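Participant: output the structure for:
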Amino acid sequence: MSKSRVTINVLDEIKQVLEIEIEALQSVRDHLNDNFVQAVRLIHASKGQVFVTGMGKSGMVANKIAATLRSTGTPAIFLHAGEALHGDVGMVRAEDVAIALGKSGETTELNSLLKVLRKTGTTIISMTSNPGSAMAALSDLVLDLRIPREACPLNLAPTASTTAALAVGDALAVALMKLNETSREDFARRHPGGQLGARLLLTVADVMRKGEENPVVRVDQSVKEMLVRITGFRVGAVSVIDEEGRLLGLVTDYDIRRALESEHSFFSKLITEIMNSNPETVFEDEKAIAALEAMRRRQKPTAVLPVINRDRIAVGMLHLHDLLAAGL
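Facilitator: Here you go, the predicted structure:
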């Protein structure tokens, strides 16, 4: 079977689809009413969870809306309308809220599920382009997602309608975030595996080299002992401490090279003659990202920072490579 020789202007087609979807969003915006406010209030006041459900393309959008709600602080689960009728509906309780998505509002499986949920006592919020549908009649609250047309040239495939549902789902989640006073730290705790979580949650203590891996040398030790320690740890620096463990200074590879170039015998020197007695430091309870930014802001960027506690005890060493390995 030969392929069609029909030609189209692809850019014009893409622009037209975007214009139709923008038109759909504008239509939804123009039909906003108090039901949208009530929906947010109902979800916010709920003592249970939010179950977002749908079939087909609407089900895929429902899954994404549930994920967005979860990540922004509202307990939510995607409930497949078909699977729910074969046992999964058992996890839904009267104190829960169900959000049902369906353009036509006449999907058999979805409406069968809503009939069961009504008997359970679950609050039902529907999102549909057909406020006169059977699904709307089964709902406690109807969000009117009326759109002029689909972007599909046949006006059949869910395109503009799913975009509208997705956008309204985002809007509900954002409104709930503000009601819940969700902070950046709250958001990061729900995304600990990503860069945002690392930037907002990791402290210097989480990343630094500590304990036996912390390169330190007492100020009363010899330069030879200092060399053994600085080469053994392979960090390129060693913290100089007093008998109580307080930081007195820092010796880096650069300090050693500079001392070797002097006319005096290197091994006859005291550590205090080699060390930087006023090194830049970082507290163990500071955010790791702040330490990384401090390293980069310096006129001469550094790869290491001694870590101290609030009593100035040298509790660790922070290396640039460790910060980058942590995903910062």
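Participant: this protein: strands as residue ranges?
Facilitator: 50-54, 76-80, 97-101, 123-128, 141-144, 209-210, 216-218, 237-241, 247-252, 282-283, 304-308, 314-319 (DSSP state E).
Participant: and of those, who's closest to S268?
Facilitator: strand 247-252 (16.1 Å; Cβ to Cβ). In short, each C-beta sits where N, CA and C put it, glycine included.
Participant: now do the closest one: everything it contacts.
Facilitator: 217, 219, 226, 230, 236-242, 271-272, 274-279, 281, 304, 306, 308, 312-314 (Cβ atoms under 8 Å, 6 or more residues apart in numbering).
Participant: same question, stretch 226-234
Facilitator: Residues from elsewhere that reach stretch 226-234 (Cβ under 8 Å, 6+ apart): 209, 213, 215-217, 236-238, 251, 253, 256, 271, 274, 317.
Participant: show me which positions of stretch 249-266 end up buried.
Facilitator: Across stretch 249-266, burial judged by 16 or more other Cβ atoms under 10 Å covers 249-252, 255-256, 259.
Participant: also stretch 159-177?
Facilitator: In stretch 159-177, counting by 16+ other Cβ under 10 Å, buried: 159-169, 171-173, 175-177.
Participant: check stretch 50-59 too.
Facilitator: Buried, per 16+ other Cβ under 10 Å, within stretch 50-59: 50-59.
Participant: give me the distance from that stretch to the chain's centre.
Facilitator: Stretch 50-59 has its C-alpha centroid displaced from the chain centroid by 23 Å (Cα atoms, centre = their mean, to the nearest Å).
Participant: do stretch 61-72 as well
Facilitator: With Cα atoms, centre = their mean, you get 13 Å for stretch 61-72.
Participant: could you do stretch 61-81 as well?
Facilitator: Averaging C-alpha positions (Cα atoms, centre = their mean) puts stretch 61-81 15 Å from its chain's average.
Participant: stretch 228-244 now?
Facilitator: 37 Å.
Participant: mean confidence (pLDDT) on that stretch, please.
Facilitator: Computed over stretch 228-244, the mean pLDDT rounds to 89.
Participant: render the CA-only coordinates of that stretch in CSV, please.
Facilitator: Provided in CSV are the C-alpha atoms of stretch 228-244 (Å, rounded to 0.1, in the frame of the first residue of the first chain):
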residue,chain,number,x,y,z
VAL,A,228,52.4,11.7,56.1
ARG,A,229,48.8,12.7,57.0
ILE,A,230,48.2,15.1,54.1
THR,A,231,49.4,12.5,51.6
GLY,A,232,47.6,9.6,53.3
PHE,A,233,44.2,11.3,53.1
ARG,A,234,44.6,12.4,49.4
VAL,A,235,42.4,15.5,50.0
GLY,A,236,45.2,18.0,49.3
ALA,A,237,44.8,19.6,52.7
VAL,A,238,44.9,19.0,56.4
SER,A,239,43.4,20.9,59.3
VAL,A,240,45.7,22.0,62.1
ILE,A,241,44.1,21.6,65.6
ASP,A,242,45.0,22.1,69.2
GLU,A,243,44.8,19.4,72.0
GLU,A,244,41.0,20.1,72.3
